[in-house]
Every structure is written in C-alpha cells, then in structure tokens.
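> Fold the stuff below for me.
(2 chains)
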Protein chains: 2
Amino acid sequence: MTSSPFFNAHHSPIGAFASFSFGCKGPKGGLGLELSGPANENLFIGCEDSVCRGRFRAFPFYEFAGDREADFHGHISSDGDEQFESFPDSEIERVLRPCVDSWRAGDLTFRVISPVEAVPDPAGGGESELKDVLCPAVLVELTLDNTAGTFPRTVFFGYEGSDRSSGMRVLDHPQLIGVGQGLRTAVVTLDPMVAGLGWSPSDLLDLKHLYNAYFMLGPMGLLTGVVAAGETRSFKIAVCFHRAGIATAGLPTRYLYNRWFEGVDDVAKHALSRFDGLVRRAEAVDRELLEGLEPNRALSLSHAVRSYYGSTQLLEREDGRPVWVVNEGEYRMMNTSDLMADQALFELRMNPWTVRNELDLYSERYSYRDTVRYPGSLIEYPGGVAFAHDVGVTNVFSRPGCSAYEKAGLTGCFSFMTCEELTNWVICACLYVLGTGDSAWTERNLPLLEECLESLCHRDDPDPARRNGVMGLDSSKCEGGSEITTYDSLDSSLGRARGNLYLVVKWWAAFVMMERVFRQNGKDRAADEAGLQAQKSADSVVASRSADGSLPALLDDSVPARIIPAIEGLVFPLQAGMHDVLRPNGRYGSLLRTLGEHIAAVLKPGVCKFDDGAWKLSSTSDNSWLSKIYLCQYVAGELFGIRDPAADKAHWGWLMDEANVYYAWSDQMVRSKAVGSRYYPRGVTSILWTRYRQANLQGSEPTVPAAMN
Amino acid sequence: MTSSPFFNAHHSPIGAFASFSFGCKGPKGGLGLELSGPANENLFIGCEDSVCRGRFRAFPFYEFAGDREADFHGHISSDGDEQFESFPDSEIERVLRPCVDSWRAGDLTFRVISPVEAVPDPAGGGESELKDVLCPAVLVELTLDNTAGTFPRTVFFGYEGSDRSSGMRVLDHPQLIGVGQGLRTAVVTLDPMVAGLGWSPSDLLDLKHLYNAYFMLGPMGLLTGVVAAGETRSFKIAVCFHRAGIATAGLPTRYLYNRWFEGVDDVAKHALSRFDGLVRRAEAVDRELLEGLEPNRALSLSHAVRSYYGSTQLLEREDGRPVWVVNEGEYRMMNTSDLMADQALFELRMNPWTVRNELDLYSERYSYRDTVRYPGSLIEYPGGVAFAHDVGVTNVFSRPGCSAYEKAGLTGCFSFMTCEELTNWVICACLYVLGTGDSAWTERNLPLLEECLESLCHRDDPDPARRNGVMGLDSSKCEGGSEITTYDSLDSSLGRARGNLYLVVKWWAAFVMMERVFRQNGKDRAADEAGLQAQKSADSVVASRSADGSLPALLDDSVPARIIPAIEGLVFPLQAGMHDVLRPNGRYGSLLRTLGEHIAAVLKPGVCKFDDGAWKLSSTSDNSWLSKIYLCQYVAGELFGIRDPAADKAHWGWLMDEANVYYAWSDQMVRSKAVGSRYYPRGVTSILWTRYRQANLQGSEPTVPAAMN
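Below you'll find the model as predicted:
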C-alpha cells in the first residue's frame, strides 16, 4: 500500500448493522453496533518485545486517557504503562482487500477477515448456509513468529468498549475464553489464552494473581496468549456482535440471526467452529473480486464494499418475513430509494432477492398517491403512485407512505424526491425482472408497473400531446416547493428535479426498460406508451445539445452548468443486458451519440474535472459523489471508451485525505473533503468495474464493446 | 430555596435503574437509563413570551451546539433560534421535596413528580399495587397561567436524546401523543398537544406544515400545546423508560416490570391513567417525610432519597424470582454489601422484603469459605463463611462467590472486605429478623447465622482464649495483602480493617444482635458465645481509651487518628429497638459512656470538624462520606444528645458546591469536593432523622431519650 496504513475501514458481518471499524491512530475505531460512525474506543493489539522481556508493543489504536482508578480512591496512581508503547509507524504495514485486512509489525501479523458473500434468500431454505453467511462475527488471526525468539512472548488482543450504559465483562461460558461489553459485543477465542479486565493492558500483561484478571471494574478487556521460544503460533479470535429482541420501532422486527444465535456466546461458538473454512473462502473471494483491477481501483472497491456491509441489516418481522435494510451510513436512513437504485447494481449480482425485498416493502408500505402541480400554480392535476425517499431512520420505520427525510414547502435539501424515487423504483423493478426472470413476481407487479408508467407520464404533462419525456410538474406533496434529486445538496444543476438532464436520461432508461418488460409480458399497449415516452425523452435530450456538443444540466438551459451524470441512466439498460437500445446505430443512436459527445466535451479541466484529475459531477459545484463517479466511469468506459487511471488515483487520494480517513468510505466530497454522506454504503457501484458474479444476471452476455463510439 | 436552583437531582421511578436527572444549566440532564451519571442531553421546557408573540422562553437546560443540518447539505444554515432564549436566572424558582420538584418562571410552572413508595413483595400478590409502584415513569405537570394573556400561547416540553445508537421518533400509537428515543425512553401525553421532531425547538414552534412535525432526521423531539388567552391550563406528561428482554449477564434477568409493560407505550398509558392519584399520593408523602425537619435536613433528605431510587433495579430471574438490586451510583456495582447495611436502615422501613432478597442472593450465590492468616504469615487457620463485596457491576452479575471489586495482593483500595461484609450480612440479617419477626426465614437461616458467628470468631483469633473481640487475622483471599473497610479510600484510620475501632463497634453490634436472635430462637449456646464476644469487643474499646477521653482509630494506637464512625455501629441495635443494650447503666454502660466521651472529645475543630463546621470522619483525612455523617449525626443525637444545625447547613452546602451539583447527591467528599461515590444512593441514611414508617418495624417503640448521657 503506497499511502499511510492509518485509515479506518469497516470489517463487518453481513446484515448485522455492525462494524469492527479501525485503522486510524488513537481511540478511533472499535466494535460498533448500529452506529453512525466508528465506535471511538481503544483497541489493544500487540505483543511482547522480541528483545526486552516484559516490554510490550502495540498497534497505535489507543490512547491512555485520565486515570479511571482515581474515581475510586480520589488520587492519581501510577498508570503502570511505562512498559507499553506503540510500534513505530515505519514498522507497520497493511494490505487491504475486500475480505482480508492484513497488518504487520515486525514478527507480529494480524489479519481481520470479514465476508463478501451472497446472502441466500431466507424463503428458499438453505438454513445452514444462511446461518454461516449471517453469523454476526468477523474473524481475527493473530500470529507471532517467535522462531528467532529466546524467551516465550505474550501476544494480546482486546478493547475498551465505549457503550456508556454497559460495562466490560469476562465471558462466563465454560468452553469460551472471551471478554465483552454488555450483551452486545465480545472478542472470543477457543485457543489457550487468558481473558481478563483491567484499568489498562499492563494489569493483565503483568498479572501476579490470576484471580485479579476477573476484576470487573476494569474498563478494558484483553485476551493474552503465549508463544514459546522458537515457535510460530496463531490465535483465532471471533469479534462478535449481537442484539436480541425487538430492534425497531414503527414496524417491530428483530435481527434475523436470532433464529440461531441467542447471544454472543452462540455467535462465537459458530464463528470459531467455521474459522478455517471462512478464511479460505474469504481469500478466494478477494482473488476473484480484484482480478485484473489496477491498484487504485482495487483499493477503492475493497474499501467501498466494506462500508456497504457495515450498513446492511437483515431483519425479520413478527410473522417471520425478512426485511433487508441498507442503512445510509452516517445518516442511518433505511433503504433510501435513490441509494437502492445504485446499490441494486451490486445486490443483483450478489443476492437479487434483497432487491425484490426492498421493492416489496416500498409497494406494501411506502408507496403513496399524489397529485401534481405546475410550478407556481395551485391547480392540481392527477399524479399517481409514488414512493417515499426511505423507509425510516435509526431503526425506526416511518409511518406508511412517508419517509424520514421529506418535508413540505422546500425547494432544496429535505424536499420531496417523488419523481426521482418513482423512477428508481421502476428501474429497480425492471432490473430485477430482466436480471432474474422471476415470472411470479413480475406477474404480481405488472399492474403496479403500469400505474408507475401512468404516474411518470402525469409528471411529464397532464396533456399527452404536450409530453416531451421530461419532468414538468412537481408533486403537490411539496406544498408549493419543488422536488429535488438524490444530489440534494448540489446546486440546481443536479439538485432540482424538474427539467433535469440527469433525471431525463434516467427516465429514458426507465421507459426503455418498462417497454421491454411490458412487451415480454404481453402488455403491448403499455409497452407502446413506454416506448413512446422513451423516444420523447431521448429526443428532448438530443434537442437540447449546445453548439459545443455538450448538454445543459437543465434542459431549458437556465443554468450554465454541465454535468457528468447525464450518462448515469445508461448504466441500467447496460446492466440489464439491453444492448440493442445502446447501439450507436440503433433506435436510440442519436441519444447515445449525443451523450458520447457530451461526456467527451465536459470531461476537461475547468469543466467537469478538478485540478487533481478527479471527476467533478457538475461544472458549477465543487460537490461530488464518489459512488456516482464510479458509476459514470464505468458507463464512460463501457460505452464511450473513456479510460482515466489518473482519475482513479485522485479518487483514492480523496479517501486517503487526512480529513477523511476517519469515516472509512465516504461519498460526498467538496474539493476532496468529505462533508456529508460519510461512512457510507453507496460505493459498491465500483462493482461495475469487475465481472464478479455478473454471469448471475440473465441476459448479461459481455457488455457492448468499448469501441462502439 | 436559599441556594441556586441549578443543581441536578434525580427524578426516578422505583426499580427501573432510570433517572430523569436535571437541574444544572446546559445539556447536563435528561432521560438516563442504566447510566453512571446524568444523560447529558438537551431538555426544552418553556412557553411563548407573554408580551412578544412568536418569541419563546425556556428553562436553561440546553445549549445549541453545531448545526447538525450541515452534515446533510454541507453548509451552515441559520439556526432559526433567534426567537428562542432562556428565562433570566432571576425569574426562576425551585422547591425540591422528596417526590415533587417544582419550578417556576413567570406565569409558567412545571412540576416533576416521582414516587417514594413501599414496594410490595412480589411474592405476596397485590399485582395491581406492584404495577403502580413499579411503573417506569415519572410525571410532569406543565402549567401556564395565561389568565392575563391577550393571545393564545404555546407551551412546550421535549428533549434531544443522547443515546448514540438510537434516533428520536414520534410515537405511532393511535391514542398517545409522544416523542421518544429508540425503544427505551419517551415523553408522552394524552392532552391536546402536537408531537414532532426537528433540528431545534423553533422547527416545531414555528411549524408551517404539520406534515413536517414528523421529519425524522431531527435530533430533538418536542410536545407543544396551546393555552388560550384568559385561561390557565395544565398538560400532563409521562416521562417513560423501558428495557425489554434479558438485561443482565452472568445471571440472566429482565426488569420485573416487563410482566405488565411491553414497551414505553404501555408504560405511558398506565402512568397517565393514574396521574392524578399518583400526584396526590406524592404530595402526601412529601408532607409526611419532611414533617418537623429543619430546612437543610429536609433538602438533604429530599436529594438523597432521589439518588437512591435512581439506582434501584427490580429484576426477575428466568424462573420468576425477583432480584432487588441497588446500583452503586457512578460505580454501578450491584448490592455492594457495605452499602446494603446502611441502606437497610431505609429499606426496612419501606420494604423489608428487599433486605431479605439481598441477603438471600448473598447466601445463595455470593458467599464463600476462606481461611485466615496473621499479618505477614503464610500459615492458614480456619476461617469460615464470608460474603463478597458486591454481586456484580453494570448489569453483569459476577461469578458465584466473587465480587466485581475485590483483588488479591493489595493493602488498600480494591482489597478484600471479607470481615466487614461478613459483619454487614450478620447485621442486616439480624435487623431483618428483629424488625420483621419473619420466623420462617429465621428458622431457615439460623444455621448460617451460627456459621457466621464461628467465622467472625475465627477472624478474632484461632485460640478462643486469646480472643479480644477485635479482628486480628486477614482472609487468605488477600494473598498476603490485608483487608480493608468500606472506607476504602480513606487513610488507615478507617481504611484498614484489622484492629479498627469502627469495625470493632460494628462487631459489638453484630454480636449483641446475634445474641438476641439466638436467644429468641432457643440457640442458647450460640447466644452465650455471641454475648461473650460482644463483651470482649466492648471491653477492648473501653480499654483503648486515651487520657483525653478519645479513642484511637486503630485500637493498638499505631496511628494518631481519631474517628467519628466509632459510634456508627450503635445505630443497628438502636434501629432494632434493643434499648436495653444501649442503656448507660446497663450491661454495656461503660462502652456507651466511653463512646459518648469519645464523640464529645473529637467533635471539635481541628479534630473531627472541618473549618466550615462540617463533620470530618477522621482527624487525619480530609476525605469524608456524607451518608456516614448523616448516620453518625443520628446516633450522636439520639444517644448522646448532640445537635449541630450548623453542620447540617455545611453538609447541604457541600452538595450545592458548584463543582458537585452536576452529580446530584454524592457521598465521598474531600474538603467539600465530590471526588468519588458521586451520583450515589447511600444518602438514605438520612431517613434516620425522621420517624417516617418507623412504626413498621417491630420493637421500634420510640428510641431512648436523648438525655441519656
């Protein structure tokens, strides 16, 4: 790794909304459950010095703060940590891959292994595989090469939990050796180690009475093991999470893993029993996933996939139905629709049923019917079905039909995203249908998809004759405000929904995909209408072309901006394998050529590139989203032959900025600084750079040759 | 109230380990569940200005920090709080009583009502009364007198929860109007109010679209109501707590209130349905409890009782057996034995079954058998049964036979308290037997009590002929260290157990009480032996008298200290109604006279008084414990006629010290500053100042006349 190893990365089980995030120096990582950021607790990972017996060295993931003991006896005692210090930075090496994060300092190595796995459909049986994949633990392998050693040396691994309402404890299970905090987190081993609590690691590294290892007032817990002189030894440790009982409000659910795991003890037992197999599997996934990727892309992908899994949450309703939730990073909004569309590109390869599950929750509980208005007018026209921005926040499901996020009376951030989310639902539904061929679901949802088509058309114009394939009316939910897009905090070049180029191309994608689905299912009238609308959207884009070949961000050219996400919508038919609609000489050839010229025209310094070579989503804003850049890089590469390794380097550089490393993978950057959407899941659009599990999607023969333009 | 009203006080339900603590300025209070201190969150309580419409005033329990909204859109927006400010300090008045805490600012009053009630024995039926007493809510009455008003005015009450893993929410129950955080806390009303979330109160006080009240990203929740011009109106609000499922490790238990309450909704419904009755009851208890107390004692008692209830926790094992736990304030150790003995003086009046329950948990799970050693020797002599210092910490029950606190190999803080805790168990058992006459329990426990007598004697000397009623050997658990007392962080005048005057008098109390219990139950041989030991303890104390009439803190006079707690042990036979052993002309007359002379000799500036008139437990340490002072004040008053109102004023002054007010009631003070044992339950020894429910104890005719010495 060329840059500093000291950046936080997630190490997460799947579907547990849990993360063992760490990597920054100081108490900046730890075992986080349902948090908006790292747990901010001390981690103690290290070993006895190879030369000075009784002297200990650790990775720098801690800071000794005030003397907690003084709260008991009112005076400061020696902290006893003179014999404890960090490895020098220069000795520390790190290799980050999607599943395995390897650290080394001298003759000590430790690896943290977390899964990237397809989650089986809980409705489909395969209980034992499901249990393996959902076990809420990540694995740690701590290895000391003491072959050159002349005395037995102690290795250690532990933490100082930061949950203010729980204390640390030594596990009291007869077979398990572990320390934990409350009932929710623990680090556990079956290897010959000693588990104990103390004020600081030294209390356990210099333990005169074994009895005192159980001193329960100690705020930190440690596992210690000994490696004999002349030997190499590994210790296998499970970092476990668990939450029992009802976990959500609004709609009562529990974590699905409660089917098999009553507490951290069960989690530890299972994870440790599967240790070697899970590690081998993780190493294989790393190889497959990163195959052929150049280093900056490999790192970006590794980092992004981790942040995604840290936000995933597989819940179960009281009737046993699963609810798949992706939490929105630092915001913790649940299944945000505009993220769902991007993340579906990842999930359809991994576990398409999660996309279906999200779509169903929206149609069941988070759809609504509205009317629409011209800007500035109080007259209401028919609208139709639409979908909320999200289904809740921080484990609180919102009221039926409502999101956590949307407010009335606004024109910017927090306004309604009615049209964008309707478009996203349609796109995800079509991606799912075309990717999986799930005919039962298609059958059930065709009527709703027809309603969606009508609702989209109503948002173009009440009068079919006046429709131009561009959103022209806002939902009356806005109460006179106007709708926004997922680029909520960008300027109007991407933030405003009405007449927006980004959204028009997404509309086009939605329409061509609906046309395909309707046609395949004998709904010719609807297919015709969708096709007609697609043509109108395409025509409107083409007609807005400026003299320099670029397209205005708002089709009415009312702002001077130029935007990269003009090409974003192309990704959906591309991933759905609809190569016919993407041919430069096909039905939408002029749209494709126009967008190709546009992207070539704007991908220039001073327009849509930053000085460091990074891509700038809008020429008039310094606010950029990495997930969207990844996506557009893929489209630009696949459809327009654009390769830009210098940009990859710049984008990885942003994540490694000193100001950003705390937040693991972040999305929204203003001039390279993460200002929002931090600790965020959406970076899995980087999966597009790979062919990993792409074959799992129907109709996904190799995509169109890059040389098409 | 003469001092500043801005000090934190608990407002707690009984047995919920929950506290609505507030009173300090700024975000220093809030809804705390299982915390070691106040919740540190914003509270918003106030009303619209009486003159300026649209301008709002609040009690100063908040601070507007950074702009959270900026995390979403990357730029700072106006905070919109120009129309929101605090009442001036000069307008704010507060009256604190044990149950009702009343605040006033102009024409707005709010009262918080929390219970002081006997908890019925869960084994004794009376489910409905139990449900009322244990309902995990406190009540708030918010009243605006707008009779002079010329426009309708808004009142509001809300909070910004500080639990990092949960978000705020609007309750979705059809009958309840409320806001909460996660599943664990909520403020709820049945009155016509609007519940909503926002970035700050202004979002809800100036609400243009009712829809936006449900904006779920808002970090604070508020209830708002309107009082018409010319009217006075009260709003009744329940501040609710709830924790479902297994709440403890080590020994799995849940909160007993889960028998009736599935969540905060149920809690709110029940509390609000009982509102008026509970308020009337609370007002009556306040009158009874404070009857005849001078103001500084009334305030100290009110404050202390609140801190006790905030630490109480009634749990239920998986087989339905209740477990009564008093958590140890900021330390959160559970049922600490040395606190148990002091708190039994309160609990025996309120709910004697809780004392029995604590004793039984100790005998069942937290007793052990040891051997004993002379200091400096490795030779082990028979010891006997003993009891751990505590039963766990932070909801983690410790291993059987072990405490959270005790460590081997020490001579000071965290060493074993074997002898002190054995003495405490005996004293509590005898208090319970003599106070309740529970013959079945007595019958069952006589063999254990005989074992305790033997174990105590073994700690005097292995050779009966050499026994002098003074502890002479340390438990071998100390592994060469030495035992300490509850005064763990004081110097050896009170901290060392062996030969300690404080402990000798407690021994005497234990022996005379055992003698009584054994005699009453036909165990004459044991009674004789206990009586013999009591006489030896008394003789040793009398024999150590110095020329000036004072007694040395260590009977061997190896330190120059003089201590007030010499008289502490007298409280137990006194509260057990054993007036015969306390008569100056009775069997222990010389002990009583000696202690009377001692206390008169030491209660002087420069010895056991601080410059401010406060009592100084040890002449050689500035470290004092208020709970013990209260207790000794009572003994000194009842038995030796000592009245010291100036000390009461100084002791209340300590609690009101700027540096201490955050921690509500605190115990351990170094020169008036709380340095440990903060936010602490033990101050209920102040109940001794009253005759409240004393009649509930058998044999407790009015205590001996004060004029006895």
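
> Residue A:47 pairs with what?
residue A:57, residue A:155 (DSSP bridges).

> tell me the contacts of it?
A:56, A:57, A:107, A:108, A:144, A:153, A:154, A:155, A:156, A:227 (CB atoms under 8 Å, 6 or more residues apart in numbering or on different chains). (Each C-beta comes from the backbone N, C-alpha and C, glycine too.)

> Tell me, what's the model's pLDDT at it?
Note on residue A:47: pLDDT of 98.

> what's the spacing between it and residue A:168?
As for residue A:47, its distance to residue A:168 is 22 Å (criterion: CB to CB, to the nearest Å).

> near chain B, which residues of the stretch 251-400 of chain A?
Contact residues, the stretch 251-400 of chain A versus chain B (CB under 8 Å from any CB of the partner chain): A:263, A:330, A:331, A:332, A:333, A:392, A:393, A:394, A:395, A:396, A:398, A:399.

> Just after the lowest-mean-pLDDT helix or strand in chain A, pick out the following helix or strand.
The weakest-scoring helix or strand in chain A, judged by mean pLDDT, DSSP states H and E, is helix A:70-73 (a mean of 72). Going down the chain from helix A:70-73, the next helix or strand is strand A:84-86, by DSSP states H and E.

> Give me the contact list for that following strand.
A:55, A:56, A:57, A:58, A:59, A:60, A:200, A:201, A:202, A:205.

> Please narrow those residues to those residing in helices.
Using DSSP state H, the members of these that fall within helices are A:201, A:202, A:205.

> Surely the first one is in contact with residue A:159?
No - between residue A:201 and residue A:159 there is no contact, the gap being 10.6 Å when judged by CB atoms under 8 Å.

> Now do the shared contacts for these two.
With CB under 8 Å, 6+ apart as the test, residue A:201 and residue A:159 both reach A:44, A:220.

> in the stretch 351-500 of chain A, which spans are helices?
For the stretch 351-500 of chain A, helices defined by DSSP state H, counting those that start in this stretch occupy the ranges A:352-365, A:418-436, A:439-460, A:492-495.

> between the longest one and helix A:352-365, what angle do the directions make?
Note on geometry: by axes from the mean of the first three to the mean of the last three CA atoms, to 10 degrees, helix A:439-460 and helix A:352-365 are set 60 degrees apart in direction.

> and helix A:439-460, average pLDDT?
Computed over helix A:439-460, the average pLDDT equals 98.

> okay, the angle between that helix and helix A:418-436?
Relative orientation of helix A:439-460 and helix A:418-436, computed by the same axes, to 10 degrees: 150 degrees.

> circling back to that earlier point, highest neighbour count among the ones in helices among the contacts of strand A:84-86?
residue A:201 (28 neighbours; other CB atoms under 10 Å in any protein chain shown).

> Enumerate every residue touching the spatially closest residue to that residue that is not a sequence neighbour.
Excluding its sequence neighbours, the residue lying closest to residue A:201 (CB to CB, 6 or more residues apart in numbering or on different chains) is residue A:44, at 4.9 Å. In this structure, residue A:44 makes contact with A:58, A:61, A:62, A:156, A:157, A:158, A:159, A:160, A:201, A:220, A:222, judged by CB under 8 Å, 6+ apart.

> give me the number of residues near the first one?
What it means is residue A:58. 21.

> what's the spacing between residue A:267 and residue B:241?
28 Å.

> do residue A:274 as well
Residue A:274 is 39 Å from residue B:241, by CB to CB.

> swap in residue A:162?
Residue A:162 is 22 Å from residue B:241, by CB to CB.

> Compare these two (neighbour count), which wins?
Between residue A:162 and residue B:241, counting by other CB under 10 Å, residue B:241 is the more crowded of the two (27 against 20).

> Find the residue closest to the more buried one in space, skipping its chain neighbours.
residue B:18 (3.8 Å).

> what pLDDT does the one you found get?
Residue B:18 is given a pLDDT of 98.

> go on, residue A:485?
You'll see residue A:485 listed with a pLDDT of 92.

> What is the neighbour count of it?
24.

> Residue A:364 now?
If we define neighbours as other CB under 10 Å, then residue A:364 has 10 of them.

> before we move on, what about the one 5 residues further on?
By the measure other CB under 10 Å, the count of residues near residue A:369 is 12.

> That one and residue A:382 touch, don't they?
No - with contact defined as CB under 8 Å, residue A:369 does not reach residue A:382; the gap is 9.4 Å.

> Quick check: the gap between the residue nearest in space to the middle of chain A and residue A:194.
Residue closest to the mean C-alpha point of chain A, counted by CA atoms, centre = their mean, is residue A:681 at 1.7 Å. Computed as CB to CB, the residue A:681 to residue A:194 distance reads 38 Å.

> Return the per-residue confidence for the residue in the stretch 451-600 of chain A that chain B sits nearest to.
Of all residues in the stretch 451-600 of chain A, residue A:489 sits closest to chain B, at 3.8 Å by CB to the nearest CB. In this model, residue A:489 is scored at 78, pLDDT.

> That one against residue A:670, yeah?
No - look at residue A:489 against residue A:670 with CB under 8 Å: they stay out of range, at 9.2 Å.

> out of the two, which sits in the more crowded spot?
residue A:489 (24 against 15).

> From residue B:69, how far out is the more buried one?
10 Å.
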